[in-house]
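Novice: got a predicted model here, sequence first, then my questions.
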Amino acid sequence: MRTIALITQKGGAGKTTLAASLAVAATEAGETVVALDLDPQGSLSAWGDDRSADTPAVDRVDGEHLARLPEILAGLDRQGFTLVFLDCPGIASTATNLAMKAADLCLVPARPTRLDIRATKPTVEALMSLKRGFAFVLNQCPPNVRSSRASEAAAGLHMMGVLAEPMIAIRADYQDAVAVGQGVTEYAPHGKAADEIRQLWDWIKKHVEIRGARQ
């Protein structure tokens, strides 16, 4: 079983929206997926409550149960899940630290602004101190993702680590999908947003497989 954690110490980066749509896209690609909400705000679990589909599985881990995260993940592995997404709090916390340690890959979403990129530094420093693999996801870019602002942000993130592909544009489909308890590939399967998420999932899968082979 592989574990993907979405981690950032700044709110508004689109962490939960990415987690929801990636969980659906991975399910559609043949993975047996569970998405765990570690954030006290409970946005991902609320999305799961709104869903009519049985997959991916969505659950919440909070309070005293957070300390048992390694045991919970081991149990999910025994149940036959092949992939876990962890949606972490937008602050430094015990949950975030445990998720970093458990993850095969940590995704760090950031919007293409100087403020957001600077805000990733504490997260990156924590990941590097734990020697965990991570990649940035440049999220909520202008629809023309090759704009100068997005390109400058991509260059800045490249200097600090790996940048996942593709860059994700700000599109109404992402928010509209979450609002009705869907992933974007369910909500608008032939749209540009759905194509971006499928490409991002393909990149993540290949990156995790390469890291696993090296280890």
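Specialist: All right, it came through fine.
Novice: tell me the mean pLDDT for the longest helix along the chain?
Specialist: Secondary structure of the chain per DSSP state H: the longest helix is helix 192-214. If you average the pLDDT over helix 192-214, you get 86.
Novice: so which elements touch it?
Specialist: strand 2-6, helix 15-28, strand 105-110, strand 134-138, helix 172-179, helix 184-187 (3 or more C-beta pairs under 8 Å, 6 or more residues apart in numbering; DSSP states H and E). (Each C-beta comes from the backbone N, C-alpha and C, glycine too.)
Novice: could these be laid out in CSV, adding mean pLDDT and mean neighbour count?
Specialist: Below are those laid out as CSV (pLDDT from 0 to 100; neighbours: other C-beta atoms under 10 Å):
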stretch, mean pLDDT, mean neighbour count
strand 2-6, 97, 24
helix 15-28, 97, 26
strand 105-110, 95, 25
strand 134-138, 94, 24
helix 172-179, 97, 18
helix 184-187, 98, 23
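Novice: residue 160: which of these is closest?
Specialist: strand 134-138 (7.4 Å; C-beta to C-beta).
Novice: list the contacts of the closest one.
Specialist: 7, 18, 105-112, 120, 124, 127, 150, 153-154, 157, 160-164, 167-168, 200, 204, 207 (C-beta atoms under 8 Å, 6 or more residues apart in numbering).
Novice: pull out the buried positions in the next helix or strand after it.
Specialist: Later in the chain than strand 134-138, the nearest helix or strand by DSSP states H and E is helix 148-158. By neighbour count on 16 or more other C-beta atoms under 10 Å, the buried set for helix 148-158 is 150, 153, 154, 156, 157.
Novice: need the pLDDT of the nearest residue to residue 121 once chain neighbours are set aside.
Specialist: What sits nearest to residue 121 in space, not counting adjacent residues and going by C-beta to C-beta, 6 or more residues apart in numbering, is residue 160, at 7.6 Å. You'll see residue 160 listed with a pLDDT of 79.
Novice: report the secondary structure state of residue 160.
Specialist: coil (DSSP: H, G, I helix; E, B strand; the rest coil).
Novice: OK, contacts around it?
Specialist: 120, 121, 124, 136.
Novice: distance check, it against residue 14.
Specialist: 19 Å (C-beta to C-beta, to the nearest Å).
Novice: same question for residue 200.
Specialist: Taken as C-beta to C-beta, the span from residue 200 to residue 14 is 12 Å.
Novice: overlap in contacts of the two?
Specialist: Counting by C-beta under 8 Å, 6+ apart, the residues touching both residue 200 and residue 14 are residue 168.
Novice: residues near the residue nearest to residue 34 when sequence neighbours are not counted, how many?
Specialist: Once flanking residues are discounted, residue 34 sits nearest to residue 57: 4.2 Å by C-beta to C-beta, 6+ apart. A total of 17 residues lie near residue 57 under the criterion other C-beta atoms under 10 Å.
Novice: cool, the one 10 residues further on as well?
Specialist: Other residues within reach of residue 67 by the criterion other C-beta under 10 Å amount to 13.
Novice: ditto for residue 74
Specialist: Using other C-beta under 10 Å, the number of residues around residue 74 comes to 13.
Novice: A helix includes it, no?
Specialist: Yes. Checked against three-state DSSP, residue 74 lies within a helix.
Novice: could you check how far it is from residue 101?
Specialist: For residue 74, the distance to residue 101 - C-beta to C-beta - is 13 Å.
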